[in-house]
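Visitor: Make a model of this:
(one chain, ligands or ions: 1)
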Amino acid sequence: MRLTLTARLLLILILIPQWGFSWGYTAHRIINRQAVHLLDSLLGEYFSHHINYLSEHAIDPDLWRRDKEAYPDEAPGHFIDADLYEAYPFRNIPRKWEEVVRKYGEENLMSWGTAPWRIEKFYNKLVQEFKEGRWTEARLTATALGHYVSDIHVPFHTVENYNGQLTGNKGVHKRWEADMVEEYLLDAARPRGPVEMVTDPVEKAFVIVEESFPGLDPILKAETRARQTIPPESRDIIPDWDRPMQGTEYIRILYEETADLAISRMEASSLRVASYWMSAWVKAGSPPPPD
Ligand SMILES: [Zn+2]
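Guide: Coordinates of the predicted model:
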């Protein structure tokens with residue numbers, strides 16, 4: 001039986017646990033929602049009218065990546081293992097797509113992640129749609145762009161050791177960005193403006209990556225402590241993401257030691273999402289939205 005794309009996405013949404021390998025679904029929705037509140041001008045007014053759409057669809061790219069048949073190139077767009085490309089702070093990674101492909105080869109890029117260029121693609125698409133007055137399409141493009149921009153604010157989306165698998169911290173990825181955030185931090189972020197003008201979407205993405213990357217070590221340190229609270233023979237629960245861990249001492253320790261970091265990454269996410277949106281609109285000539 002062949003299902004339509006919408007039916008397939010709906011099925012994925014129903015069958016898959018509420019997590020998509022990036023900020024949990026709820027956090028993604030909150031980040032886009034708070035980004036709308038940071039906007040002023042006509043764009044802010046228009047997005048406020050559509051705030052529920054922009055928030056609800058924040059998770060769409062995670063649904064796309066699960067549907068590999070329809071979206072075979074989606075997955076690498078959500079991360080970049082920057083330390084596989086070059087050493088921190090990654091200033092020698094070419095910013096131009098053609099150059100980066102020439103330097104490392106497309107096959108490597110597909111496995112190391114391509115988030116900065118996914119962001120560039122959606123940013124340019126958004127500028128074009130604003131220019132042409134295609135506001136309905138622009139809404140979906142904007143919400144997806146917000147997803148990719150938020151993803152690289154998570155330290156695990158910028159490193160080879162993306163799940164703590166290289167340092168004895170296997171499973172930490174989801175426990176930190178989804179379980180801990182959903183148990184303790186959904187109301188914690190208070191993003192502030194002003195929005196920043198993005199002149200080069202790829203360069204800006206690398207600024208974010210450079211900022212996210214150092215967050216890895218403190219989280220791993222906290223995780224190493226947190227896993228001591230679980231008897232060694234039971235620690236295989238940590239990477240088994242079908243098994244819930246909310247309410248455990250493990251999650252509480254992650255929270256106690258890294259809450260500030262998580263809150264600041266969530267606040268930065270909203271600010272940058274708003275910044276990319278506003279910059280795309282200004283670049284398009286600040287066209288007036290429809291009534
Ligand atoms: Zn994602």
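Visitor: Could you use CA atoms for every contact and neighbour count after this?
Guide: Fine.
Visitor: can you give me phi and psi for Leu216?
Guide: Main-chain dihedrals, Leu216, degrees, to the nearest 10: phi -60, psi -50.
Visitor: Can you report how many residues neighbour it?
Guide: By other Cα atoms under 10 Å, the residues close to Leu216 number 18.
Visitor: Tell me which residues touch it, please.
Guide: 155-156 (Cα atoms under 8 Å, 6 or more residues apart in numbering).
Visitor: Give me the distance between it and Arg102.
Guide: Using Cα to Cα, to the nearest Å, one gets 29 Å for the distance from Leu216 to Arg102.
Visitor: List the contacts of the residue most central in space within the chain.
Guide: Nearest residue to the geometric centre of the chain (Cα atoms, centre = their mean): Asp151, 1.4 Å. Counting by Cα under 8 Å, 6+ apart, Asp151 makes contact with 22-23, 78-79, 157.
Visitor: cool, Trp277 as well?
Guide: For Trp277, the contact set (Cα under 8 Å, 6+ apart) comprises 123, 142.
Visitor: In this structure, what residue spans correspond to helices?
Guide: 5-15, 25-37, 41-49, 51-56, 60-66, 82-85, 97-104, 106-112, 115-131, 135-151, 172-174, 201-212, 216-227, 249-283 (DSSP state H).
Visitor: Output those helices as TSV; include the columns mean pLDDT.
Guide: TSV is the format used below for those (pLDDT from 0 to 100):
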stretch	mean pLDDT
helix 5-15	53
helix 25-37	95
helix 41-49	98
helix 51-56	97
helix 60-66	94
helix 82-85	98
helix 97-104	98
helix 106-112	96
helix 115-131	98
helix 135-151	98
helix 172-174	96
helix 201-212	98
helix 216-227	98
helix 249-283	98
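Visitor: For the ones you listed, give me CSV that also has distance to the ion.
Guide: What follows is the helices of the chain, written out as CSV (distance: least, Cα to the ion, whole Å):
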stretch, distance to the ion
helix 5-15, 14
helix 25-37, 9
helix 41-49, 22
helix 51-56, 14
helix 60-66, 5
helix 82-85, 16
helix 97-104, 21
helix 106-112, 15
helix 115-131, 10
helix 135-151, 6
helix 172-174, 12
helix 201-212, 15
helix 216-227, 18
helix 249-283, 13
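Visitor: So which of these is nearest Pro239?
Guide: When these are compared by Cα to Cα, helix 172-174 sits nearest Pro239, at 7.2 Å.
Visitor: quick one, what contacts Thr158?
Guide: By Cα under 8 Å, 6+ apart, the residues touching Thr158 are 79-83, 152, 209, 212-213.
Visitor: what about 7 Å?
Guide: Thr158 makes contact with 79-82, 152, 209, 213, according to Cα atoms under 7 Å, 6 or more residues apart in numbering.
Visitor: Can I have the buried ones of those residues as a PyMOL selection?
Guide: Remark: buried members of these, expressed as a PyMOL selection using 16 or more other Cα atoms under 10 Å:
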select buried, resi 79+80+81+82+152+209+213
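Visitor: And the contacts of Thr158, which is closest to the ion?
Guide: Using Cα to the ion, Phe79 comes nearest to the ion of the contacts of Thr158, at 7.7 Å.
Visitor: Ignoring the adjacent residues along the chain, who's closest to Arg175?
Guide: Ile251 (7.1 Å; Cα to Cα, 6 or more residues apart in numbering).
Visitor: now the one you found: how far from Pro214?
Guide: For Ile251, the distance to Pro214 - Cα to Cα - is 21 Å.
Visitor: okay, those two: which has more neighbours?
Guide: Neighbour count, other Cα under 10 Å: between Ile251 and Pro214, Ile251 has more, with 22 against 15.
Visitor: quick one on the thing from earlier: can you name the two of the contacts of Thr158 that sit furthest apart?
Guide: Greatest spacing in the contacts of Thr158, by Cα to Cα: Phe79 and Phe213 (11.8 Å).
Visitor: that older thread, I'd like to know which of the helices of the chain is closest to Trp241.
Guide: That would be helix 172-174 among the helices of the chain, by Cα to Cα, at 7.4 Å.
Visitor: which strands and helices sit next to the closest one?
Guide: Helices and strands touching helix 172-174, as assessed by 3 or more Cα pairs under 7 Å, 6 or more residues apart in numbering; DSSP states H and E, are absent.
Visitor: Contacts for that helix next, please.
Guide: Applying Cα under 7 Å, 6+ apart, the set of residues contacting helix 172-174 is 21, 156, 162-164, 223.
Visitor: Let me have the residues you listed in JSON lines, extended by distance to Ala58.
Guide: Putting the contacts of helix 172-174 into JSON lines (distance: Cα to Cα, whole Å) gives the following:
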{"residue": "Phe21", "distance to Ala58": "13"}
{"residue": "Phe156", "distance to Ala58": "19"}
{"residue": "Tyr162", "distance to Ala58": "22"}
{"residue": "Asn163", "distance to Ala58": "23"}
{"residue": "Gly164", "distance to Ala58": "26"}
{"residue": "Glu223", "distance to Ala58": "28"}
